[in-house]
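Engineer: Structure here, sequence nowhere to be found:
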């Protein structure tokens, strides 16, 4: 009997922390959609998400627009059973690119800070519409390898 009371007390505390039924009754449509999306994300298999990320990386490598990734994912879903449908959209492709970009930028900045030698390269260029641009690169030496990274464009 004591164990049953303990379990009920723990359940009551969990419901209070999560807002319980009152929260569900008061939540807006946006909150509900957000909660459902989070639930779907948590249910997705890591291996299947890796396939979707690989599709984004492939699109970048072959210089395909990110908008086309959605079509690639739909095609892949024919061959991979239960590829997470809620992750196939182009917005998630952009989100994957942003995450990958952040990781690469952090890695480059760590290397740049650890490098002993740096060089700033500045070049003037024009695009097709004859707008002048200033392109800045940083060249540095890290672990006896020379690397060049794009710093920024200036109009």
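Structural biologist: Good, I have the coordinates. What you are looking at is a predicted structure, and each value in this text was computed from that prediction instead of being measured. Residues are numbered from 1 along each chain as shown.

Engineer: For the nearest residue in space to residue 154 that is not next to it in sequence, which residues are in contact?
Structural biologist: Computed as Cβ to Cβ, 6 or more residues apart in numbering, the closest residue to residue 154 that is not its neighbour in sequence is residue 134, at 4.1 Å. C-beta coordinates here come from the backbone N, C-alpha and C atoms, glycine included. Residues near residue 134 by Cβ atoms under 8 Å, 6 or more residues apart in numbering: 122, 123, 124, 125, 153, 154, 155.

Engineer: Buried residues, the host helix or strand of residue 134. List them.
Structural biologist: Applying DSSP states H and E as the criterion places residue 134 in strand 132-142. By neighbour count on 16 or more other Cβ atoms under 10 Å, the buried set for strand 132-142 is 138, 140, 142.

Engineer: which residues does the second one contact?
Structural biologist: Residues near residue 140 by Cβ under 8 Å, 6+ apart: 111, 112, 115, 117, 118, 119, 146, 147, 149.

Engineer: repeat for residue 121
Structural biologist: By Cβ under 8 Å, 6+ apart, residue 121 lies in contact with 136, 137, 138, 139, 148.

Engineer: Now tell me which helix or strand of this protein has the poorest mean pLDDT.
Structural biologist: In the chain, no helix or strand scores lower on mean pLDDT, DSSP states H and E than helix 20-26, which sits at a mean of 64.

Engineer: Flag every buried residue along the top helix by length along the chain.
Structural biologist: Across the chain, the helix with the greatest residue count (assigned by DSSP state H) is helix 90-114. If you call a residue buried by 16+ other Cβ under 10 Å, then helix 90-114 has these buried ones: 90, 92, 93, 96, 97, 108, 111.

Engineer: Output these as JSON lines; include the columns distance to residue 36 and pLDDT.
Structural biologist: As requested, the buried residues of helix 90-114 are exported to JSON lines (distance: Cβ to Cβ, whole Å; pLDDT from 0 to 100):
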{"residue": "90", "distance to residue 36": "20", "pLDDT": "70"}
{"residue": "92", "distance to residue 36": "15", "pLDDT": "74"}
{"residue": "93", "distance to residue 36": "21", "pLDDT": "77"}
{"residue": "96", "distance to residue 36": "21", "pLDDT": "79"}
{"residue": "97", "distance to residue 36": "24", "pLDDT": "81"}
{"residue": "108", "distance to residue 36": "37", "pLDDT": "85"}
{"residue": "111", "distance to residue 36": "41", "pLDDT": "88"}
